[in-house]
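Student: okay, predicted coordinates and the sequence, questions at the end:
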Amino acid sequence: MKFLFGHEIVDHVADIAKGTIVTILDENRYESILFLNSLLKKSQTKAVIITPNEVKSSLPQEIVEFEKITTATEVNLFVSKIRESMNDEGVIIHNYLHYLLLKEDESQILKMIEFWIGKISKTGLVEFIILSKETYPSFEKKLNALLSGYIEINLKPGMRNQYSFKLFRICKPEFHGEEFVYTFDGNRLLIKWGDEFTESLPKESEEEIKKKIEFLKENIFGIKIDRAADKPLPSMSIFDRWLYAQISDMPLYHIYYLYPEKIDDFLRKIAVWNLRGLVSIKTGTAKIPEKRMGLRLRNKIAMKIPTPVALFFLKKRKHTVPFEVYNMIRKASAFYISTRSSEEETEELEEVEQYFQEYAARESAIRTLLENKESPLTKFDLRDLPKVLSLSLYYGYRIKPRVYEEEKNKWIVDIEDCFICKNVKSQKSSCELLVGTIIGGCAVTFKEKFTAKEIECKAKGGNSCKFLLELIEKSP
């Protein structure tokens, strides 16, 4: 169950489940106390700060005396009593790890926290561990990997009384790593949303939004979207900024073809942007394509025969990107990303690169459908997913994968001849860009929502590069 702070904007952005432990990183632990104190003031849940000395906060505090308590085991017993007194419901803020790390081995503290993860997983507790950023870099890295996610708080240089926070993993995907500037007005936490500092989401009426969405749906084949020329761009997630950049002068039906499984979400975004004056909607003559329920006969046959034969049977693409050129582009991109001045910039560029890869796969899938005289509205049968994905990867990259269903609605994509990580050795998976290709092609073809991740990579010493593809939402 999702934990709610009672702050409209934070609750809209964050996705923290009850039974979760989260790290908060700042410069000196003071900013985290200020942040949580203000954020939790509207929450109906109980909250307590466990601290070695009293801090300036309106929240209740429990003092842990490190003159008497010196080990992780003793701290664990102290915390367990507090959890019991709260009936395993509420918020616990741990503001003492900097003291414990001076007395106890890091590995013992990590074992204690790992024990906590299992202990509170089925409770109504949410716990925050406050840590000074980069004071214990090795411990910080291991802790962030162990927990569900973390929050990073920074002072805004040159800005009086302004801070920013970023959420990593414990948020909606589109807000991962996004910077949110905030300030305080008394005890109110005001976040910069658009052009103003506020604690409330914009109040376009739901009726207005629904009316605009209905208009877009009814005219989806006769509308073109364009960005406003001189409108200041408000605060947006990385994905929304990327999407906003793509839709200028684009027919709405093309967005529908590209993102059939997300069209309802996209129509809502476009409706809100239009109401805020960020995009204009131009109507024209509708171009409604043929919608066939089934495949053409020759394409049905192609689904039943071996992939190499099917490639001769179907119309072949005249041009493909040579491996050498593709790798040159990737190396150039990787070098450019490596020159970024901060980890945040690097993550943002890598995220945008994945969006473009997925976008390219979606465009390629539509072109392939048209080349083979299929309507972009045709929905393929999921039983044909292994064949369709095999053909897609061979069409695009001359890769010959083995695709098989591991269990219902979960498939393994096994690639022995992956060119992306050829002659590469790495501690982490190196072929994540193919995730965008796999998801994009399947979404366009099957009109469903998928997720994918690389679970084995040759760069890490695997025999092949393997991806787990999963259907996450089946349409009715």
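Tutor: Sure, I can see it.

Student: can you name the element that comes right after the helix or strand of the chain with the lowest mean pLDDT?
Tutor: In the chain, no helix or strand scores lower on mean pLDDT, DSSP states H and E than helix 323-338, which sits at a mean of 51. Beyond helix 323-338 on the C-terminal side, the first helix or strand identified by DSSP states H and E is helix 343-371.

Student: so which bits of that following helix are buried?
Tutor: 347-349, 351-355, 357-362, 364-366, 368-369 (16 or more other Cβ atoms under 10 Å). For glycine as for every other residue, the C-beta is placed from the backbone atoms N, C-alpha and C.

Student: separation between Trp242 and Glu363?
Tutor: Per Cβ to Cβ, to the nearest Å, Trp242 is found 15 Å from Glu363.

Student: oh sorry, the question was meant for Pro251
Tutor: With Cβ to Cβ as the criterion, Pro251 and Glu363 are 14 Å apart.

Student: same deal with Leu393?
Tutor: 15 Å.

Student: Lys458 too?
Tutor: 28 Å.

Student: kindly report the same for Leu39.
Tutor: 42 Å.

Student: hmm, Leu370 is touching Pro376, no?
Tutor: Yes: if you go by Cβ atoms under 8 Å, Leu370 and Pro376 touch, sitting 7.1 Å apart.

Student: helix or strand: which one has the residue nearest to Ile247 when sequence neighbours are not counted?
Tutor: Nearest non-adjacent residue to Ile247, counting by Cβ to Cβ, 6 or more residues apart in numbering: Ile225, 4.8 Å away. Per DSSP H and E: Ile225 is located in strand 223-227.

Student: so what are the sheet partners of that strand and their directions?
Tutor: Each strand paired with strand 223-227, and its direction, by DSSP bridges: strand 250-251 (antiparallel), strand 279-283 (antiparallel).

Student: how far off centre is the first one?
Tutor: Once both centres are worked out by Cα atoms, centre = their mean, to the nearest Å, strand 250-251 turns out to sit 26 Å from its chain's centre.

Student: got a list of what His98 touches?
Tutor: Arg29, Leu131, Ser132, Thr135 (Cβ atoms under 8 Å, 6 or more residues apart in numbering).

Student: tell me the buried residues in the strand or helix carrying the second one?
Tutor: What it means is Leu131. Using DSSP H and E, Leu131 falls within strand 124-132. Under the neighbour-count criterion of 16+ other Cβ under 10 Å, strand 124-132 has Gly124, Leu125, Val126, Glu127, Phe128, Ile129, Ile130, Leu131, Ser132 buried.

Student: who's in contact with that strand?
Tutor: 1, 3, 16, 18-29, 32-33, 36, 83, 86, 88-95, 97-98, 113, 116, 120, 140, 143, 147.

Student: restricted to buried residues, select those residues in ChimeraX.
Tutor: To isolate the buried members of the contacts of strand 124-132 in ChimeraX, using 16+ other Cβ under 10 Å:
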select :3,16,18,19,20,21,22,23,24,25,26,29,32,33,36,83,86,90,91,92,93,94,95,97,113,116,120,140,143,147
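
Student: which residue is the nearest non-sequential neighbour of Leu468?
Tutor: Nearest one to Leu468, counting by Cβ to Cβ, 6+ apart, is Ile455 at 5.0 Å.

Student: pretty sure the one you found contacts Glu470?
Tutor: No: Ile455 lies out of contact with Glu470 (Cβ under 8 Å); the separation is 11.1 Å.

Student: got a list of what Lys217 touches?
Tutor: Leu267.

Student: only alpha carbons, please: show stretch 191-199 as CSV.
Tutor: The C-alpha coordinates for stretch 191-199 follow below in CSV (Å, rounded to 0.1, in the frame of the first residue of the first chain):
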residue,chain,number,x,y,z
ILE,A,191,7.8,23.1,-4.3
LYS,A,192,8.5,24.9,-7.6
TRP,A,193,5.9,23.5,-10.0
GLY,A,194,5.8,25.4,-13.3
ASP,A,195,6.5,29.0,-12.6
GLU,A,196,5.5,29.2,-9.0
PHE,A,197,6.3,27.7,-5.5
THR,A,198,3.3,25.8,-4.3
GLU,A,199,2.1,22.8,-2.2
